[in-house]
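> Could you work out the structure for the sequence below:
(one chain, ligands or ions: 1)
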Amino acid sequence: MISIIASGLRFAVRRVFRGSQVSEGLYSLATSMAQTIVICVLLVSALLRSVNGDQLRDPGLPGQYMKREFSLVKPYQGVGAASSLWDIAGSVIVSSNHLRLTSDHQSQQGAVWNTMPSYVTDWELQVHFKLHGSGKKGLHGDGFAIWYTKEKLQLGTVFGSTDMFSGLGIFVDTYKNDFDNQERSFPYISIMVNNGSLKYDHGKDGKSTEIAGCYADVRNKNFDTFLSIRFSKRRLTVMLNADNNGEWKECADMMGVHLPTGYYFGASATTGDLSDNHDIIFLKLFELTVPPDPEPVDYSKVVPSVESIQHLHDGEGGGAYRGGPMTGWNVFLLLLCALLGIIVCAIVGVVVFQKHQEQSRKRFY
Ligand SMILES: [Ca+2]
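Next comes the predicted model:
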């Protein structure tokens, strides 16, 4: 392939130089410059393809990057036992098909937590869940939460887990408490980052502390419903696959989110006067392959926080599986190619100018 391109280039350069009296040295310099630039372009496009390819690849494919120690999958062997990597608390029922955090009964709280802190810096947690119950629209609740927090296994008032937590909470809120808020439809996914100082306000469905959220029609479906939470390089992306078409739809995508390593993954749910079955079918944690930080960062010391949030939407690099920022290496190669391109253009320009001058002189004689 490269040799065909090289001979093509030699031919093209020869045509440009035809009739002009340039030195053989200049001619071979232009040829090799042109060859270098084409090879660079091919190299960069291959690199970009490989980078994007990693991000386009569905990490849900078996065995890709799944961290088994942080994943909860069937048949949930030994879950809740002392030797297990997963602890349970409250109303949880473990069956062969799911972990039922709460049943369709009033006043339940249930939670499942990984026992080990996670030191994975760039990750994606995929959640297969099922929300169902006999309550009619608007008469069911309250929802469930997916956690990445410092605390674990503490039952409490925020979707079955403790308030004033440190870390990340993703709430699938199925009951609208704030009837004055006409903007929001429920079920609603609400995202919160807390450094331990903020209280979750149930009366407002967490609106005052939320960093992002979206409507999510995920209840009483007779097909599978999935949630994906991806955190990498201060970018948090929440996606939903709940339309029975196998496609991930963006719920939120934002930069400027800081979360440390060493926290715990967990899930919890609660029922009050109204109830629902909150079932987890799997939690799968994938380690993402990303370029290393230019300078080492001690992620264990990061305090959970959010900069003024820059939401990413279509056309601004949004979407969980679209290409991330370019790596330094790619930028370097692109700049190199641009520089070589300019040099080649300059040489060709000089040659064309010389040729033009010669022809003008011939006309005068
Ligand atoms: Ca609510």
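> rest of the way, CA atoms for contacts and neighbours
Noted.
> which helices and strands sit right next to the helix or strand hosting residue 351?
Assessed by DSSP states H and E, residue 351 sits inside helix 328-364. Judged by 3 or more C-alpha pairs under 8 Å, 6 or more residues apart in numbering; DSSP states H and E, helix 328-364 is in contact with helix 2-17, helix 24-56.
> Averaged pLDDT, it. What do you get?
Averaging pLDDT along helix 328-364 yields 76.
> just stretch 215-233 next, same as before
For stretch 215-233, the per-residue pLDDT averages 97.
> ok, now which ones touch residue 230?
For residue 230, the contact set (C-alpha atoms under 8 Å, 6 or more residues apart in numbering) comprises 122-125, 236-238, 320.
> A strand includes it, no?
Yes. Counting by DSSP: H, G, I helix; E, B strand; the rest coil, residue 230 is found in a strand.
> ok, for it, nearest residue in space, not its chain neighbours?
Spatial nearest neighbour of residue 230, excluding adjacent residues (C-alpha to C-alpha, 6 or more residues apart in numbering): residue 124 at 4.1 Å.
> Now do the helix or strand the one you found falls within: distance to the chain's middle.
With secondary structure defined by DSSP H and E, residue 124 is part of strand 123-132. Mean-position distance between strand 123-132 and its chain equals 15 Å (C-alpha atoms, centre = their mean, to the nearest Å).
> Quickly name whichever of the contacts of residue 230 is closest to the ion.
Nearest to the ion among these is residue 238, at 19.0 Å by C-alpha to the ion.
> Give me the distance between the closest one and residue 349.
51 Å (C-alpha to C-alpha, to the nearest Å).
> Repeat that for residue 133.
Taken as C-alpha to C-alpha, the span from residue 133 to residue 349 is 75 Å.
> What of residue 157?
Distance of residue 157 to residue 349, given as C-alpha to C-alpha: 73 Å.
> where's residue 243 relative to residue 185, distance?
Relative to residue 185, and taking C-alpha to C-alpha, residue 243 is found at 17 Å.
> So for the residue in the stretch 201-350 of the chain that the ion sits nearest to, what's the pLDDT?
Here the residue of the stretch 201-350 of the chain nearest the ion is residue 205; by C-alpha to the ion that distance is 4.5 Å. On the pLDDT scale, residue 205 is placed at 97.
> And residue 238 and residue 349? Which one has more around it.
Just comparing residue 238 and residue 349: by other C-alpha atoms under 10 Å the higher neighbour count belongs to residue 238, 27 against 12.
> Specify the beta-bridge partners of the more buried one.
In this structure, residue 238 bridges to residue 229, residue 252 when assessed by DSSP bridges.
> my guess is it meets residue 251, correct?
Yes. Between residue 238 and residue 251 there is a contact under C-alpha atoms under 8 Å: 5.4 Å.
> and the stretch 51-200 of the chain, which residues reach the ion?
For the stretch 51-200 of the chain, the contact set with the ion under C-alpha under 5 Å from the ion comprises 175-177.
> Could you export the residues you listed as TSV, including neighbour count?
Output for those, formatted as TSV (neighbours: other C-alpha atoms under 10 Å):
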residue	neighbour count
175	21
176	22
177	15
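> For residue 269, state which of these is nearest.
Nearest to residue 269 among those is residue 175, at 12.4 Å by C-alpha to C-alpha.
> Residue ranges in the stretch 1-150 of the chain under the pLDDT threshold?
For the stretch 1-150 of the chain, applying pLDDT under 70 flags the ranges 1-64.
> Where does it get nearest to the ion, residue-wise?
residue 142 (6.1 Å).
> Quick one: neighbours of that residue, just the number.
27.
> and if you look at the one 10 residues further on?
Residue 152: 24 surrounding residues under other C-alpha under 10 Å.
> wait, what's in contact with it?
Contacts of residue 152 by C-alpha under 8 Å, 6+ apart are 113, 264, 266.
> swap in residue 218?
130-131, 187, 225, 242.
> do that again at 10 Å, thanks
By C-alpha atoms under 10 Å, 6 or more residues apart in numbering, the contact set of residue 218 is 129-132, 172, 174, 186-188, 224-226, 240-243.
> same question, residue 199
158, 162-165, 206, 208-209.
> What about these, which are in strands?
Members of the contacts of residue 199 lying in strands (criterion: DSSP state E): residue 158.
> Of the contacts of residue 199, which count as buried by neighbour count?
158, 162-163, 165, 206, 209 (16 or more other C-alpha atoms under 10 Å).
> Can you pick out the most distant pair from those?
Maximum distance among those (C-alpha to C-alpha): 15.4 Å, for 162 and 209.
> Do I have it right that the residue of the stretch 1-150 of the chain closest to the ion meets residue 135?
No. When contacts are counted by C-alpha atoms under 10 Å, residue 142 is not listed as touching residue 135 (11.3 Å).
> Identify the contacts common to those two.
Joint contacts of residue 142 and residue 135 (C-alpha under 10 Å, 6+ apart) are 274-276.
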